[in-house]
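Asker: predicted model and sequence below, questions to follow.
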Amino acid sequence: MSLWRRTGRAGHSQNEEEEQEDVDVMMMLAYAAAAATSEAVRAVYTERAPFRSMSHTGVSYCQALLGDGCSVAMFREVLRMEKDTFRRLLEFLTSLGLRDSRSISVTQKLMFLLYFLGHETTLLDVSEKFVHSISTVSNALYEVTTLIFDNRNKFLKPAEMTTPMEILNDASCATYFSDCIGVVDGTLIPVHIISELSYPWRARDGKICQNVLGVVNFDMTFSFLRAGSEGSMHDGRVLADALRSGLPCPHGKYYLGDAGYALRPYCMTPYKNVRYHIQEWVSSSMRSAPANAQELYNKRHSRLRNVVERTYGVLKMRFKILKHQINMAIINQIKVVSVCFLLHNFIRLDILGQNDWFFEQAAQGETVTAQSTTPFTLESDLGVDEDDEATSIVRDRIANLMWTEYQERLVRNG
């Protein structure tokens, strides 16, 4: 018999008994470690405040915002509009079909959306702010966003097909821009998309964006909106697509556009390589008086077109979500961006809209400058920036008449 196989009392070898004892000890240590870990985890989660045991509930927080104890400034900071405007917007959405759900009211749903749009935030932030689960917040946002987007024509203000009052009341422009019915311009909004599909969305500065076309009335409302074009798409192509998809422009009427657009019968642009922007005219290092017909035309064109810069400035100052990417499906990103434009219109058209703090900042020149949309040129864009010769003749005639009248007035005034 081998010396390694000594027999124990129970008929097992001594080595087998020692091995079993080792296994038992290891099992006991494992159970002890597991128990300690479980107790530690339990202690950590016990110390954390339960989700719904915060100092306020979602309902109470919403009620506090609408109550007398919430200042005008605080309400505006949280929901980006005046309290009376919020109440009228809520009433309007209710008339469109927005209803209470089992767990949240229409008031909470709208507050979720406005907070989400008004801050550089996430669904988790909204969830924690209003003390509701992420799924509840997500469903509410989708419901309200879709409702507004599907009723977008009820938020847009159609362009007037007659000369706008803002032009008629401007003696230096009324005669020369009487056929203008609005201002067209694009703005770049960040978009979230997988890298393999991102190339068409890349603007000339390398950022991944969508090119959003807006047509602005002279009262700072939008008459037309087209979101979802790739960031690399030329402004002229976006405008052409908009005209094919319903942007109205009767024969003989036109919109004002910047130098990123081609001169067309439906889009009157400034002279290129000629002083244009307001900043160029107010610069102390340059003379403020126009030197020729083209400069005079550009100066007055710029003054009228400035309404679109101020409008985009108010829009982006109010809805900060437009400054960063939103991690959701592209169709939902388009809806969210569109809803910002549509809510801008509702606020502006509200009976007390003139008292809105954000628009007051625009009146004082305190808004941000809209981002240029001029992208790099793709092969398919060749030709979209070529001016129309007949319209160029019309523009020259307007500029010359304008210059003649301007010189005569200088003579009369000595």
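Answerer: Thanks, I have the structure now.
Asker: now do the helices in the stretch 251-400 of the chain.
Answerer: 278-282, 293-318, 330-349, 357-363, 389-412 (DSSP state H, counting those that start in this stretch).
Asker: could those be laid out in JSON lines, adding mean pLDDT, distance to residue 238 and mean neighbour count?
Answerer: Every C-beta, even on glycine, is put in place using the N, C-alpha and C of the backbone. Shown next, in JSON lines, are these (pLDDT from 0 to 100; distance: least, Cβ to Cβ, whole Å; neighbours: other Cβ atoms under 10 Å):
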{"stretch": "helix 278-282", "mean pLDDT": "72", "distance to residue 238": "25", "mean neighbour count": "13"}
{"stretch": "helix 293-318", "mean pLDDT": "96", "distance to residue 238": "15", "mean neighbour count": "22"}
{"stretch": "helix 330-349", "mean pLDDT": "97", "distance to residue 238": "14", "mean neighbour count": "20"}
{"stretch": "helix 357-363", "mean pLDDT": "86", "distance to residue 238": "25", "mean neighbour count": "17"}
{"stretch": "helix 389-412", "mean pLDDT": "95", "distance to residue 238": "19", "mean neighbour count": "14"}
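Asker: am I right that residue 145 is in contact with residue 332?
Answerer: Yes - assessed by Cβ atoms under 8 Å, residue 145 is found in contact with residue 332 at 7.4 Å.
Asker: domain boundaries for this protein, per the record?
Answerer: 58-150, 165-412 (automatic domain parsing).
Asker: first to last residue in the last one, what's the distance?
Answerer: One end of domain 165-412 sits 28 Å from the other (Cα to Cα, to the nearest Å).
Asker: same thing with stretch 315-332?
Answerer: One end of stretch 315-332 sits 19 Å from the other (Cα to Cα).
Asker: helix, strand or coil: sort out residue 132 for me.
Answerer: coil (DSSP: H, G, I helix; E, B strand; the rest coil).
Asker: which residue is the nearest non-sequential neighbour of it?
Answerer: Using Cβ to Cβ, 6 or more residues apart in numbering and skipping residues adjacent in sequence, the residue nearest residue 132 is residue 58, 5.1 Å away.
Asker: so that neighbour sits against residue 104, correct?
Answerer: Yes - using Cβ under 8 Å, residue 58 is in contact with residue 104, at 7.2 Å.
Asker: what sits against the residue nearest to the spatial centre of the chain?
Answerer: In the chain, the residue lying closest to the centroid (Cα atoms, centre = their mean) is residue 322, at 3.1 Å. Residue 322 makes contacts with 189, 190, 315, 316, 337, 340, as judged by Cβ atoms under 8 Å, 6 or more residues apart in numbering.
Asker: now residue 190
Answerer: The contact partners of residue 190, by Cβ under 8 Å, 6+ apart, come to 207, 208, 209, 322, 323, 324, 325, 326.
Asker: okay, the first one: pLDDT?
Answerer: Residue 207 is assigned 93 on the pLDDT scale.
Asker: quick one, phi/psi of it?
Answerer: Dihedral pair for residue 207: phi -80, psi 150, per degrees, to the nearest 10.
Asker: how many residues are close by it?
Answerer: Residue 207 has 14 neighbouring residues, counting by other Cβ atoms under 10 Å.
Asker: just how off-centre is stretch 251-266 within its chain?
Answerer: With Cα atoms, centre = their mean, to the nearest Å as the basis, stretch 251-266 stands 25 Å off its chain's centre.
Asker: mind saving the C-alpha coords of that stretch as PDB?
Answerer: Presented in PDB, the C-alpha positions along stretch 251-266 are these (Å, rounded to 0.1, in the frame of the first residue of the first chain):
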ATOM      1  CA  HIS A 251     -45.500  86.400 -59.100                       C
ATOM      2  CA  GLY A 252     -44.100  89.800 -58.500                       C
ATOM      3  CA  LYS A 253     -43.400  89.300 -54.800                       C
ATOM      4  CA  TYR A 254     -40.100  88.400 -53.200                       C
ATOM      5  CA  TYR A 255     -38.300  87.700 -49.900                       C
ATOM      6  CA  LEU A 256     -35.100  89.400 -48.800                       C
ATOM      7  CA  GLY A 257     -32.100  87.100 -48.500                       C
ATOM      8  CA  ASP A 258     -28.500  87.500 -47.700                       C
ATOM      9  CA  ALA A 259     -25.500  86.900 -49.900                       C
ATOM     10  CA  GLY A 260     -25.700  83.200 -49.200                       C
ATOM     11  CA  TYR A 261     -28.600  83.000 -51.700                       C
ATOM     12  CA  ALA A 262     -28.600  83.700 -55.400                       C
ATOM     13  CA  LEU A 263     -30.400  86.700 -56.800                       C
ATOM     14  CA  ARG A 264     -33.800  85.300 -58.100                       C
ATOM     15  CA  PRO A 265     -37.200  86.800 -58.800                       C
ATOM     16  CA  TYR A 266     -38.400  85.400 -55.500                       C
END
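Asker: in what helix or strand does residue 204 lie?
Answerer: Remark: residue 204 resides in no helix or strand, with elements defined by DSSP states H and E.
Asker: next one: it from residue 235, what distance?
Answerer: In this structure, residue 204 and residue 235 are 12 Å apart, going by Cβ to Cβ, to the nearest Å.
Asker: comparing these two, which residue is more hemmed in?
Answerer: Neighbour totals were compared for residue 204 and residue 235, and residue 235 leads with 27 against 15 (other Cβ under 10 Å).
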